[in-house]
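In: Requesting a structural model of the entry that follows:
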Amino acid sequence: MSGAGAERGSGTTKTPADFLKSIRGRPVVVKLNSGVDYRGILACLDGYMNIAMEQTEEYVNGQLKNKYGDAFIRGNNVLYISTTKMAVADGA
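Out: Predicted coordinates for the structure are as follows:
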């Protein structure tokens, strides 16, 4: 195990924990094991991947189904967390 992959680029290594810390307060997409997506601002998360979000929107099959002010997602339901570019399209 030479660690050559970690030295690619700038030479600094970023762990998943570093990534998760860096995206707090930013727009994210959280995909659940059921296939439902939640999009909103990541407020906080813990070591079990329990997630608190603000300005949350629920998407089922790509269609907006509901909007929540704050939402809490239990970590064992999370498939992945992804950052997203903020596409503000307030039609309401």
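In: When you work out contacts or count neighbours from here on, use the C-alpha atoms and nothing else.
Out: Fine.
In: so which helix or strand takes in the most centrally placed residue in the chain?
Out: Computing the C-alpha centroid of the chain and ranking residues by CA atoms, centre = their mean puts Ile81 first, at 3.4 Å. Element membership for Ile81, per DSSP states H and E: strand 78-83.
In: returning to what we had before: surely the residue nearest to the centre of the chain meets Leu32?
Out: No - contact between Ile81 and Leu32 fails when scored by CA atoms under 8 Å: they sit 9.1 Å apart.
In: Spatially nearest residue to Tyr59, not counting backbone neighbours?
Out: In space, and not counting its chain neighbours, Tyr59 is closest to Asp37: 5.1 Å by CA to CA, 6 or more residues apart in numbering.
In: what's near enough to touch the one you found?
Out: Asp37 makes contact with 29-31, 58-60, 62, according to CA atoms under 8 Å, 6 or more residues apart in numbering.
In: Could you measure from the closest residue to Thr83 other than its chain neighbours over to Met53?
Out: Residue nearest to Thr83 in three dimensions, not counting chain neighbours: Val28, with 4.4 Å by CA to CA, 6+ apart. To Met53, Val28 is 9 Å away according to CA to CA, to the nearest Å.
In: Just checking, which helix or strand of the protein averages the lowest pLDDT?
Out: Here the helix or strand of the chain ranked lowest by mean pLDDT, DSSP states H and E is helix 16-22, holding a mean of 87.
In: That helix: how far from the chain's middle?
Out: Its chain's C-alpha centre and that of helix 16-22 lie 11 Å apart, by CA atoms, centre = their mean, to the nearest Å.
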